[in-house]
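1. next comes the sequence, and after it the predicted model I'd like to discuss.
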Amino acid sequence: MDYFLEIFGTLRRAGPGSSECTQRAYAMMTELPTAPHILDIGCGPGVQTVDLLRLSGGTVVALDFLPEMIERTKTLAIEAGVDSRLTVLDKDMNLIDFPPGTFDVVWSEAAIYNMGFENGLRKIFNIVRPGGYVAVSEVVWLKNNPPAPLREYWQQYPEIDTVANKLTVIERLGYQPVGSFLLPVSAWTENYYTPMEQRIAEKSLEWKGIPEAMAVLDEATQEIAIFRQYSDYFGYAFFVMRAPERK
């Protein structure tokens, strides 16, 4: 884990995303209270957490199982002057147990895969208030018949699917789809893969001869290579949905 955090834990973002994408998804939520109560699941280093605090003027509970990410989120919020409206929670997202209807918005950028897309949305369903919103970003297929090396790589996450099939899951669970959009390539590169490549270069000589460390570097290098070669076939999509009004 230490070697993993030396690479992935030092990046500005813990996955694909951008402030522009966060803002675009938030703007789809047109019927929010003046100061909404938001849960950010898998907050990572907290870039989108601070964006949500700025955009909403409300309160955010930022949840992550890594203390290092919680500390980075707190620091970023302090630097932005929005920490008075932030609560952090060091907890495994699979163990969320908030009372029903706690949040106006439940948010998760590049993290819900840790619970599984369908399972995660099912767990969230009751903690968002009736008529509240859920926004998640999720890896999707962009083309049919992906090449064999790419299919093999994504065996690690069997729930990767098309946008249309993800929307089918959303509707089957009882949500009302509000909108979706694909993240641009820059959302992968600017704050994620480009700085990751820099970290790999910095650590390659330092960690030479340490099998556990080199395994982390190899994994990161493969991830970037897969994206560079096959980004026409897969990407990330933002999905915004609404919980039904309870009768």
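-> Sure thing, it's come through.

2. packing partners of the longest helix along the chain?
-> With secondary structure taken from DSSP state H, the chain has its longest helix at helix 211-230. Under the contact definition 3 or more C-beta pairs under 8 Å, 6 or more residues apart in numbering; DSSP states H and E, helix 211-230 sits against helix 2-7, helix 148-153, helix 194-206. For every residue, glycine as well, the C-beta is placed using N, CA and C.

3. quick one: contacts for the residue lying farthest from the centre of the chain?
-> Distance from the C-alpha centroid of the chain, by C-alpha atoms, centre = their mean, peaks at residue 209 (33.1 Å). Shown in contact with residue 209 (C-beta atoms under 8 Å, 6 or more residues apart in numbering): no residues.

4. how about it, phi and psi?
-> phi 90, psi 0 (degrees, to the nearest 10).

5. show me the one of the helices and strands packed on helix 211-230 that comes nearest residue 133.
-> helix 194-206 (30.6 Å; C-beta to C-beta).

6. would residue 133 count as being in a strand?
-> Yes: Residue 133: assigned to a strand according to DSSP: H, G, I helix; E, B strand; the rest coil.

7. show me what contacts it?
-> So residue 133 contacts 29, 32, 104, 105, 106, 178, 240, 241, 242, 243 (C-beta under 8 Å, 6+ apart).

8. as CSV, those residues with neighbour count would be great.
-> Formatted as CSV, the contacts of residue 133 follow (neighbours: other C-beta atoms under 10 Å):
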residue, neighbour count
29, 21
32, 17
104, 23
105, 24
106, 29
178, 18
240, 23
241, 25
242, 18
243, 24
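
9. possible to save those as TSV with distance to residue 122, secondary structure and pLDDT?
-> Below are the contacts of residue 133 laid out as TSV (distance: C-beta to C-beta, whole Å; DSSP: H, G, I helix; E, B strand; the rest coil; pLDDT from 0 to 100):
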residue	distance to residue 122	secondary structure	pLDDT
29	21	coil	98
32	23	coil	97
104	19	strand	98
105	17	strand	98
106	12	strand	98
178	18	strand	98
240	17	strand	98
241	13	strand	98
242	16	strand	98
243	12	coil	97
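
10. tell me the one among the residues you listed nearest to residue 118.
-> Closest approach between the contacts of residue 133 and residue 118, by C-beta to C-beta: residue 241, at 12.9 Å.

11. skip the chain neighbours and tell me the closest residue to that closest one.
-> Counting by C-beta to C-beta, 6 or more residues apart in numbering, the nearest residue to residue 241 once its immediate chain neighbours are dropped is residue 175, at 4.0 Å.

12. how near is the one you found to residue 124?
-> Applying C-beta to C-beta, to the nearest Å, the value for residue 175 to residue 124 is 9 Å.

13. equivalent analysis for residue 2, please.
-> 31 Å.

14. likewise residue 160?
-> The gap separating residue 160 from residue 124 is 20 Å, by C-beta to C-beta.

15. who has more neighbours, the two?
-> Of the pair residue 160 and residue 124, residue 124 is the one with more neighbours under other C-beta atoms under 10 Å, namely 27 against 21.

16. follow-up on the earlier one: and which of the contacts of residue 133 is nearest to residue 220?
-> Lowest distance from residue 220 to these (C-beta to C-beta) belongs to residue 106, with 29.3 Å.

17. surely that closest one touches residue 42?
-> No: using C-beta atoms under 8 Å, residue 106 is not in contact with residue 42, being 11.2 Å away.
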